[in-house]
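Visitor: Take this sequence and fold it.
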Amino acid sequence: MKLTQVRGNTWVLDSWELIPLYKLDDHRCVLLDTGTVEQREDLEDTLDEAGLTPVAILGSHTHIDHMGSHAYFQKTRGTQVVMSLGEAGQIFSPLGLQLQYNNFPMALFPDYPELGTAPCVPDRVILPGEEAVTLFGATFGILRTPGHTVDHICVRTPDDVLYVADAMMTGRTLHYAKFPYALSMETYLDSMVKLREAKAACYVVAHKGIYEDIRPFIDLELQFLRQRMEELADLMTGPTTPKDLTVAICQTYQVGTQNPRTLAYFEHASEVYLRYLVSQGLAELRVEKGRLVYRRVQRPARAVAAMPPTGRFR
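Guide: Got it, this is the predicted structure:
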């Protein structure tokens with residue numbers, strides 16, 4: 001990994017995603033996330049070459065591409081793991097991770113080492129209402145941005161660099177996002193509104209980029225999500241279940257997978273979308289022949305402006 005300075009003592013480890021860190025001094029640092037299990041060796045080698053020991057991990061959320069080495073550093077180097085309350089409740093046990101990963105069967109965890117090795121009990125929990133946390137004399141601001149996960153946070157370093165993590169998408173990630181993910185679309189959108197109003201000297205987006213202004217990217221993502229929701233509503237040609245919508249999406253957008261965990265993720269995301277369409281009055285939930293199904297509600301075209309309009313942010 002390439003170690004690149006962002007501002008002051010805030011740096012990023014540059015791989016296929018950005019992993020920020022804050023240098024406490026010449027030998028100690030605070031990691032903001034740890035990447036995937038596959039990145040661990042590269043991450044550790046880069047830190048060792050720089051003479052840096054991670055004394056704390058301030059994690060944004062518990063997805064596998066962000067917390068793959070939390071438990072490893074905690075066990076091998078005594079690194080303190082600090083998480084928000086909702087994320088701490090997900091990472092502390094295999095059962096918590098099972099719920100995080102769409103109730104994916106624990107019997108299959110051995111096939112996915114990032115899940116089998118990830119559980120750990122955080123050393124410190126950031127409680128609701130806490131807007132900052134001090135680690136080894138350095139104070140980090142906390143901006144709660146749930147939606148992508150139950151208690152996702154953005155972290156502001158002492159250099160006024162805001163690590164956005166996965167609270168938004170930019171660049172190639174947004175361009176190729178056939179199946180954007182959120183635990184709750186309504187909450188995710190609310191968090192983007194909050195994020196757009198958050199001022200900082202610069203912003204680090206995990207997937208991927210360092211920017212002085214993220215407002216245009218948020219507007220672009222809102223436009224993309226609005227279009228995608230309209231397209232998904234058009235796929236509801238009759239009584240629709242999350243599995244039905246998943247099949248339609250995979251066919252329409254040419255998404256193919258033989259990975260059980262990926263398909264479970266697709267089905268979970270489909271249900272999130274269906275629930276959002278219901279909340280916006282574009283679909284309704286019914287019981288038909290002993291099963292729950294969603295049906296599209298016919299509305300005038302103009303009523304499909306379900307997302308916050310981009311003009312709201314200008």
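
Visitor: quick one: the helices in this structure?
Guide: Assigned by DSSP state H, the chain shows helices spanning 40-49, 70-77, 85-91, 94-100, 113-116, 171-175, 185-196, 215-234, 242-252, 260-279.

Visitor: Just want the angle from the last one to helix 215-234.
Guide: Orientation check (axes from the mean of the first three to the mean of the last three Cα atoms, to 10 degrees): helix 260-279 against helix 215-234 gives 90 degrees.

Visitor: before we move on, the earlier item: which one of the helices of the chain lies nearest to residue 154?
Guide: helix 185-196 (6.7 Å; Cβ to Cβ). Where you see a C-beta, it was placed from the backbone N, CA and C, and this is true even at glycine.

Visitor: mind listing what's buried in that closest one?
Guide: Using 16 or more other Cβ atoms under 10 Å as the test for burial, helix 185-196 gives 185, 187, 188, 189, 191, 192, 194, 195, 196.

Visitor: Take those residues and write them to TSV, including pLDDT and distance to residue 136.
Guide: Listed next are the buried residues of helix 185-196 as TSV, based on pLDDT from 0 to 100; distance: Cβ to Cβ, whole Å:
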residue	pLDDT	distance to residue 136
185	90	37
187	93	32
188	93	32
189	91	36
191	95	28
192	92	32
194	93	28
195	94	27
196	92	31
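
Visitor: Among the residues you listed, pick out the one closest to residue 215, please.
Guide: The closest of those, once distances to residue 215 are taken by Cβ to Cβ, is residue 196, at 5.4 Å.

Visitor: Isn't residue 42 up against residue 1?
Guide: Yes: with contact defined as Cβ atoms under 8 Å, residue 42 and residue 1 form a contacting pair (5.2 Å).

Visitor: where are the low-confidence patches of the stretch 201-314 of the chain?
Guide: Flagging of the stretch 201-314 of the chain using pLDDT under 70 yields the residue ranges 299-314.

Visitor: okay, the helices of the chain, which one's buried deepest?
Guide: Counting by mean count of other Cβ atoms under 10 Å, helix 85-91 has the highest mean neighbour count of the helices of the chain, with a mean of 21.

Visitor: For it, name the packing helices and strands.
Guide: If you count contacts as 3 or more Cβ pairs under 8 Å, 6 or more residues apart in numbering; DSSP states H and E, helix 85-91 packs onto helix 94-100, strand 124-126.

Visitor: And the closest residue in space to residue 58 that isn't next to it in sequence, what's its pLDDT?
Guide: In this structure, residue 58 finds its nearest non-sequential neighbour in residue 82, 4.9 Å apart by Cβ to Cβ, 6 or more residues apart in numbering. For residue 82, the pLDDT comes out at 98.

Visitor: how far away is residue 82 from residue 215?
Guide: According to Cβ to Cβ, to the nearest Å, residue 82 and residue 215 sit 29 Å apart.

Visitor: picking that back up, contacting residues for the residue nearest to residue 58?
Guide: Contact analysis of residue 82 by Cβ atoms under 8 Å, 6 or more residues apart in numbering lists 56, 57, 58, 59, 122, 123, 124, 125, 126, 133, 135.

Visitor: Redo those residues as JSON lines? Include neighbour count.
Guide: Output for the contacts of residue 82, formatted as JSON lines (neighbours: other Cβ atoms under 10 Å):
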{"residue": "56", "neighbour count": "24"}
{"residue": "57", "neighbour count": "26"}
{"residue": "58", "neighbour count": "27"}
{"residue": "59", "neighbour count": "27"}
{"residue": "122", "neighbour count": "21"}
{"residue": "123", "neighbour count": "15"}
{"residue": "124", "neighbour count": "14"}
{"residue": "125", "neighbour count": "18"}
{"residue": "126", "neighbour count": "25"}
{"residue": "133", "neighbour count": "20"}
{"residue": "135", "neighbour count": "17"}
